[in-house]
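[1] With the sequence up front, the predicted model follows.
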Amino acid sequence: MRALSGRELARILKRHGWTLLRIHGSHHIFGKSGVRTKLSVPIHGNQSLKPGLQRYFLRVAGLAESDFG
């Protein structure tokens, strides 16, 4: 799995219908119509997300690694 930064993940989420609801410090909170879960993505420059956190975001968002392109 390719490591993603929070900034890259935010772009991918936006392309797949997630909306930026608000920003709280360095965390961008995303929501999607029809999905109860909100995603709080840490944006710390170009620092990569840790693998477990990245897998969690992709699973909750319903995305696969092939969706990165």
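    Yes, it's here. Numbers count the residues shown, from 1 in each chain.
[2] For residue 33, see how far away the most centrally placed residue in the chain is.
    In the chain, the residue lying closest to the centroid (C-alpha atoms, centre = their mean) is residue 9, at 4.2 Å. Residue 9 sits 19 Å away from residue 33, taking C-beta to C-beta, to the nearest Å as the criterion. Quick note: C-beta positions are derived from backbone N, CA and C, even for glycine.
[3] what's the answer for residue 7, then?
    Computed as C-beta to C-beta, the residue 7 to residue 33 distance reads 23 Å.
[4] do residue 67 as well
    18 Å.
[5] Looking only at neighbour counts, state which of these two leads.
    Shown here are residue 67 and residue 33; by other C-beta atoms under 10 Å, residue 67 has more neighbours (12 against 7).
[6] The more buried one reaches residue 11, doesn't it?
    No. Counting by C-beta atoms under 8 Å, residue 67 sits too far from residue 11 to count as a contact (11.5 Å).
[7] longest strand in this structure, by residue count?
    With DSSP state E setting the assignment, residue counts place strand 35-42 as the longest strand in the chain.
[8] list the helices and strands that one packs on?
    Contact partners of strand 35-42 among helices and strands, from 3 or more C-beta pairs under 8 Å, 6 or more residues apart in numbering; DSSP states H and E: helix 6-15, strand 27-32, helix 51-61.
[9] Turn the ones you listed into JSON lines, including distance to residue 44 and mean pLDDT.
    Listed next are these as JSON lines, based on distance: least, C-beta to C-beta, whole Å; pLDDT from 0 to 100:
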{"stretch": "helix 6-15", "distance to residue 44": "6", "mean pLDDT": "95"}
{"stretch": "strand 27-32", "distance to residue 44": "10", "mean pLDDT": "97"}
{"stretch": "helix 51-61", "distance to residue 44": "12", "mean pLDDT": "93"}
